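>>> Give me a 3D structure for the following:
(one chain, ligands or ions: 2)
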Amino acid sequence: MVVDVSAWEVIDTERGGRDERKVWLSKVADADREEWWLWKPIKPTDRDALRINDVAEVVAHRLAEAIGLPAAPCEYARRGDERGAISRNIAPHTHDMAPGSTLVPPGDGYTVARILAALAGLTGPPPGHTDLTAAEVFAGYLVLDAWIGNTDRHEENWAVIERPDGSAYLAPAYDHGSALGSGLTDAKRERREPRAFCDGGRSSHFGGRSLVDMAREAVDLTGARWWADRVAEVPATTWSGILDEHGALSGVSRSFVSDVLTINQERVSEACRP
Ligand SMILES: Nc1ncnc2c1ncn2[C@@H]1O[C@H](COP(=O)(O)OP(=O)(O)O)[C@@H](O)[C@H]1O
Ligand SMILES: [Mg+2]
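Ligands and ions are numbered 1, 2, ... in the order given. A predicted model of the protein is given here:
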């Protein structure tokens with residue numbers, strides 16, 4: 001499905017993040033914030049090709065859903081002649097959203113262990129996941145990141161949401177637009193072995209650590225091994241269906257993304273399961 005948002009109302013601009021073309025849209029002007037969707041147009045790469053950040057966003061959301069992990073709903077979208085993705089607002093109307101940097105500032109102390117400790121001390125789980133702790137859910141975010149090759153879980157790309165009564169919970173995951181090698185050109189995808197790409201999955205925000213190592217540490221510290229079990233159970237037909245829905249994805253991109261998901265599924269299983 002590709003949602004046509006050309007006629008939707010512009011509610012607000014979004015100043016966070018790196019692309020100033022992002023705006024909040026809604027079908028009607030006076031909608032509650034839960035009905036706002038962030039329009040994230042496809043970005044050009046530095047070689048004038050188009051990124052597939054829309055594919056990364058939608059695949060990440062649907063795979064999160066497949067393993068029972070909370071993530072902002074995302075859909076493929078078009079606005080006029082532009083393609084992109086829309087991400088549904090995860091901060092309810094009367095709630096405040098604060099970035100992860102308010103709990104764990106960036107820098108040397110920005111580590112998996114510190115994040116999990118900060119969440120354990122202060123924050124509950126997202127709504128609908130009351131059987132889990134916030135730290136267990138965050139471990140799931142790192143397992144998802146290792147699967148989809150998301151190197152971008154910096155302190156603005158996760159958040160806590162404060163209820164009117166002052167209690168707070170870990171926000172569902174959002175901003176997966178740079179996952180799955182979305183910024184590569186097809187020429188690069190043709191040259192690069194998907195396995196080499198997967199093995200090179202490291203996050204500069206965590207001192208260049210390997211994504212599967214971070215996932216393993218989070219699972220070890222929280223005991224939340226079930227995320228990796230669930231990843232292992234998702235059949236490839238799940239992501240091939242999501243890639244088909246896009247309608248304009250090149251064959252080269254499609255096969256690279258599929259290979260990355262297959263290879264990382266195996267790597268996550270090996271790293272995070274005894
Ligand atoms: N689904 C969402 N619900 C609420 N806020 C969001 C959502 N997606 C993004 N945001 C907010 O918008 C900011 C920028 O969006 P993000 O998806 O991170 O874009 P970028 O790729 O430019 O970093 C985020 O840091 C977050 O504060
Ligand atoms: Mg961001």
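
>>> Give me the most central residue, the protein.
Among the residues of the chain, the one closest to the centroid is His176, at 3.0 Å (CA atoms, centre = their mean).

>>> Once you drop chain neighbours, what's closest to Val58?
Distances taken as CB to CB, 6 or more residues apart in numbering put Cys74 closest to Val58, at 5.0 Å, once the chain neighbours are dropped. (Glycine included, C-beta is placed from N, CA and C.)

>>> Any idea what the one you found is bridged to?
Ser87 (DSSP bridges).

>>> Distance check, it against Thr94.
24 Å (CB to CB, to the nearest Å).

>>> So which of those two has more stuff around it?
Cys74 (26 against 10; other CB atoms under 10 Å).

>>> so Thr222 touches Thr133, yeah?
Yes - here Thr222 reaches Thr133: they are 7.4 Å apart, a contact under CB atoms under 8 Å.

>>> Please identify which of the two sits among more neighbours.
Thr222 (22 against 19).

>>> Quick check: residues of the stretch 151-274 of the chain near ligand 1?
The stretch 151-274 of the chain has residues Glu156, Asn157, Tyr174, Asp175, Gly177 near ligand 1, with proximity defined as CB under 6 Å from any ligand atom.

>>> cool, the stretch 1-150 of the chain as well?
Counting by CB under 6 Å from any ligand atom, the stretch 1-150 of the chain sits next to ligand 1 at 14, 16-19, 38, 72, 87-91, 97.

>>> Closest one of these to ligand 2?
Distance ranking of these against ligand 2, using CB to the ion, places Gly17 first at 4.1 Å.

>>> Confirm for me that that closest one is in contact with Asp175.
Yes - look at Gly17 against Asp175 with CB under 8 Å: they come within range, at 7.1 Å.

>>> So which of these two has more stuff around it?
In this view Gly17 and Asp175 are compared by other CB under 10 Å, and Asp175 has more residues nearby, 26 against 13.

>>> Phi, psi for Ile67 please.
Main-chain dihedrals, Ile67, degrees, to the nearest 10: phi -100, psi 10.

>>> One more: Val160?
Dihedral angles (degrees, to the nearest 10) for Val160: phi -120, psi 150.
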